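Enquirer: Give me coordinates for this.
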Amino acid sequence: MHLIPESRGIKVLGDPRFPVNEGGLCVKGWSSASTLDHAERLRTPLVRDARGTLVPESWERALALVAKRIGGIQRKHGADAVGVFGSGSLTNEKAYLLGKFARVAFRTSNIDYNGRFCMSSAAAAAQRAFGIDRGLPFPLADIAKADLILLVGSNVAETMPPVMRYFEAQQVNGGRLVVVDPRRTPTAQWAARHLQLKPGTDIVLANGLLHILVRENFVDERFIADRTEGFEDALRVSAAYWPELVERITGVSEAALVETARMLGSAQRPMVLTARGPEQQAQGVNNALAYINLALAIGAVGRPSSGYGTLTGQGNGQGGREHGQKADQLPGYRR
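Expert: Numbers count the residues shown, from 1 in each chain. Presented below is the predicted three-dimensional model:
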């Protein structure tokens with residue numbers, strides 16, 4: 001985004017040369033500069049005086065006070081008595097510096113960020129399935145080239161408007177979008193098919209689709225033999241999820257299940273994308289793993305414009321993990 005000074009404040013423009021949004025912004029972006037001149041904006045640090053009243057203070061004295069208090073806490077209780085909490089709103093560079101600041105300046109092992117409560121289930125599932133958490137392992141531009149996308153638990157049209165154009169391009173290119181969501185969101189209404197499952201039945205739906213893929217010989221046996229380990233366990237579990245049972249549990253008709261499985265199995269460039277819907281549940285990791293199994297079963301992982309990914313819930317949720325904002329993960333996914 002470009003910020004342009006004007007007599008009445010700051011004007012916001014989307015950057016048409018940036019490859020992700022190409023000039024598009026969401027409401028947060030367009031209105032971001034309005035907080036700069038807000039009447040209640042704090043323009044100086046506030047420190048409580050002896051009476052407990054917040055009074056203005058200089059940056060030098062305020063920072064010195066914070067450093068003194070932190071030092072006192074750590075001397076008394078140890079370095080780990082201080083924690084650092086970051087955000088998926090930070091850039092890669094800021095995320096890296098915050099991690100370095102926590103581990104080198106504070107010497108604390110307690111650092112985390114709000115991504116722990118966001119897409120952490122998908123991250124844990126990716127670690128189990130692939131050995132590495134890559135979030136979305138391909139550029140957004142690949143979405144436009146996929147001929148079939150299974151989008152699970154995401155309302156892109158309302159929550160990520162600049163990204164929606166990639167899904168629009170996918171349809172223009174002849175691709176189809178299948179949305180899995182208990183709600184009939186604007187994205188679900190716009191999609192080629194909406195699988196309106198009952199809340200909390202994601203893993204049943206995913207295993208039911210895998211069952212049909214096996215039954216109708218859409219499974220890429222060569223890929224499974226060469227590129228996976230222990231996949232027979234997933235196939236064994238899916239054998240119990242016949243379509244009639246899945247329809248009874250999820251509320252999605254057998255006909256819709258069969259059609260979706262056939263679309264997945266016959267696509268040249270299939271893509272499975274999960275988001276907060278299936279991930280922020282008690283069985284979020286298992287839900288994500290079940291959808292990963294679909295992408296593996298048809299050999300979609302590792303192919304151009306195909307595979308599995310999770311859509312971030314924040315501007316840089318993936319970058320926050322890649323660059324050291326997690327207690328159990330150093331920059332570059334090192335443990």
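
Enquirer: So what does residue 181 have for phi and psi?
Expert: Note on residue 181: its backbone torsions stand at phi -170, psi 130 [degrees, to the nearest 10].

Enquirer: What confidence value was assigned to residue 248?
Expert: Residue 248 is assigned 98 on the pLDDT scale.

Enquirer: what comes up buried for the lengthiest helix in the chain?
Expert: What stands out as the longest helix in the chain, according to DSSP state H, is helix 59-77. Across helix 59-77, burial judged by 16 or more other Cβ atoms under 10 Å covers residue 74. Every C-beta, even on glycine, is put in place using the N, C-alpha and C of the backbone.

Enquirer: For the helix or strand following that helix, which strands pair with it and how are they oriented?
Expert: Per DSSP states H and E, helix 59-77 leads on to strand 84-86 as the next helix or strand towards the C-terminus. Strand 84-86 pairs in its sheet with strand 111-113 (parallel), by DSSP bridges.

Enquirer: can you give me the helices in the stretch 201-335 of the chain?
Expert: 202-215, 221-227, 231-238, 243-250, 254-266, 276-279, 284-297, 317-322 (DSSP state H, counting those that start in this stretch).

Enquirer: Figure out which of the ones you listed is closest to residue 184.
Expert: helix 276-279 (13.4 Å; Cβ to Cβ).

Enquirer: who touches that closest one?
Expert: Helix 276-279 is contacted by residues 118-122, 152-154, 180-182, 202, 284, 287-288, 291, 310, 313 when judged by Cβ atoms under 8 Å, 6 or more residues apart in numbering.

Enquirer: could you give me the average pLDDT of that helix?
Expert: Mean predicted confidence for helix 276-279 is 94.

Enquirer: next one: that helix to chain centre, how far?
Expert: Its chain's C-alpha centre and that of helix 276-279 lie 9 Å apart, by Cα atoms, centre = their mean, to the nearest Å.

Enquirer: Can I get that helix as CSV, trimmed to CA atoms?
Expert: C-alpha atoms of helix 276-279 as CSV (Å, rounded to 0.1, in the frame of the first residue of the first chain):
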residue,chain,number,x,y,z
ARG,A,276,-10.3,-21.8,10.7
GLY,A,277,-13.6,-23.7,10.3
PRO,A,278,-12.2,-27.2,10.6
GLU,A,279,-9.0,-26.1,12.5
